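Trainee: Build the 3D model from these lines:
(one chain, ligands or ions: 1)
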Amino acid sequence: MNAAPPMRTIELRKLSFRYPNGRVALENLSCCVDQGERIAVVGPSGAGKSTLLMHLNGLLPSPAMTQEAQAQVFIESIPVIKGRLPEVRRKVGFLFQDPDDQLFCPTVREDVAFGPLNLGLAQAEVMLRVNRSLAAVSLPEHGARNPSQLSTGERKRVCLAGVLACEPSMLVLDEPTSNLDPRARRQLLEILRSFKGTQIIATHDLDFALDLCQRAFVLDGGKIQADGPVEQVLANPVQMDRHGLEVPWRLRRGA
Ligand code: ADP
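Mentor: A predicted model of the protein is given here:
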């Protein structure tokens, strides 16, 4: 008997986006992502990586988000349009590059509880999830602390705990390893490896991409320039050089 085809988690249909100042950041992006895939989005600064990620959660209003017929992004078949954003955001956990964009409560516990409370969950369930998520990011004793007094790595893990506490079906992570020391980076890798849902990770950390992801997109000039198995894409010296990237040492011939 044939196995059921994998479920599509993300579909982009000719996604284009222009900022209000006229800057075109994404041009005609089309692709499909299956349930459980972990995809690295790599490319030079200004390639459009953050802009692409923000579209997966409807964070950038655009004319295409006003009507279903014009929708360019679908999450588990739900069009990312204004009227469907609460549903989309329940499915997509978004981790911003800068933890200070995500943390605003006086204590870690309140910050992690914010998302689940917004989902309308009962207090007991919220507390359960907060404790579970803080344990998952190895910060079980930090609930009463003020996030502003934590290290960058710890603040990033608090943000991730807040995302995990909402139990999303997919994670979208913008430069998750930036400013992390090797130990915090390794801990993050383990947390993300244990998350079973789809993950889209914009990163300059190509070794992290190799350790975590099966597939990579090279984005440059707002277009997907390459899409394939991560080792194959990142080992192509001509393509990597063309898009301002370098083949990681471990993929270099003779390394
Ligand atoms: P990346 O994440 O790959 O560095 P971005 O998605 O941040 O790239 O940016 C893509 C392009 O859009 C760049 O040319 C950038 O200058 C431009 N851009 C980003 N944010 C804005 C904004 N708020 N207003 C105008 N242009 C922007």
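
Trainee: who's in contact with stretch 85-104?
Mentor: For stretch 85-104, the surrounding residues in contact (C-beta atoms under 8 Å, 6 or more residues apart in numbering) are 50, 53, 56-59, 75-76, 78, 80, 111, 119, 147-148, 152, 155-156, 158-160, 162-164, 166, 168-176, 178. For the C-beta atoms, the positions are set from N, CA and C on the backbone; glycine is no exception.

Trainee: List the beta-bridge partners for the closest residue to residue 80 other than its chain neighbours.
Mentor: Among residues not flanking residue 80 along the chain, residue 73 sits closest, at 4.1 Å (C-beta to C-beta, 6 or more residues apart in numbering). Judged by DSSP bridges, the bridge partners of residue 73 are residue 12.

Trainee: any idea which helix or strand carries the residue nearest to residue 138 when sequence neighbours are not counted?
Mentor: Spatial nearest neighbour of residue 138, excluding adjacent residues (C-beta to C-beta, 6+ apart): residue 187 at 6.0 Å. Under the criterion of DSSP states H and E, residue 187 resides in helix 182-194.

Trainee: SS state for residue 16?
Mentor: Of the three states, residue 16 takes strand according to DSSP: H, G, I helix; E, B strand; the rest coil.

Trainee: Could you report the distance from it to residue 30?
Mentor: Using C-beta to C-beta, to the nearest Å, one obtains 10 Å as the distance from residue 16 to residue 30.

Trainee: okay, those two: which has more neighbours?
Mentor: Each of residue 16 and residue 30 had its neighbours counted (other C-beta atoms under 10 Å), and the higher figure belongs to residue 16 (15 against 11).

Trainee: Next, the contact list for residue 112, please.
Mentor: Taking C-beta under 8 Å, 6+ apart as the definition of contact, the neighbours of residue 112 are 130, 133, 134, 143, 158, 161, 162, 165.

Trainee: Let's see the strand or helix carrying it as PDB, backbone CA atoms only.
Mentor: Counting by DSSP H and E, the element that carries residue 112 is helix 108-118. Provided in PDB are the C-alpha atoms of helix 108-118 (Å, rounded to 0.1, in the frame of the first residue of the first chain):
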ATOM      1  CA  VAL A 108      10.100  35.800  32.200                       C
ATOM      2  CA  ARG A 109       7.000  33.900  33.300                       C
ATOM      3  CA  GLU A 110       4.600  36.700  32.200                       C
ATOM      4  CA  ASP A 111       6.400  36.900  28.800                       C
ATOM      5  CA  VAL A 112       6.100  33.200  28.200                       C
ATOM      6  CA  ALA A 113       2.500  33.200  29.300                       C
ATOM      7  CA  PHE A 114       1.500  36.100  27.000                       C
ATOM      8  CA  GLY A 115       0.900  34.000  23.900                       C
ATOM      9  CA  PRO A 116      -1.000  31.200  25.600                       C
ATOM     10  CA  LEU A 117      -3.200  33.700  27.500                       C
ATOM     11  CA  ASN A 118      -3.900  35.400  24.200                       C
END
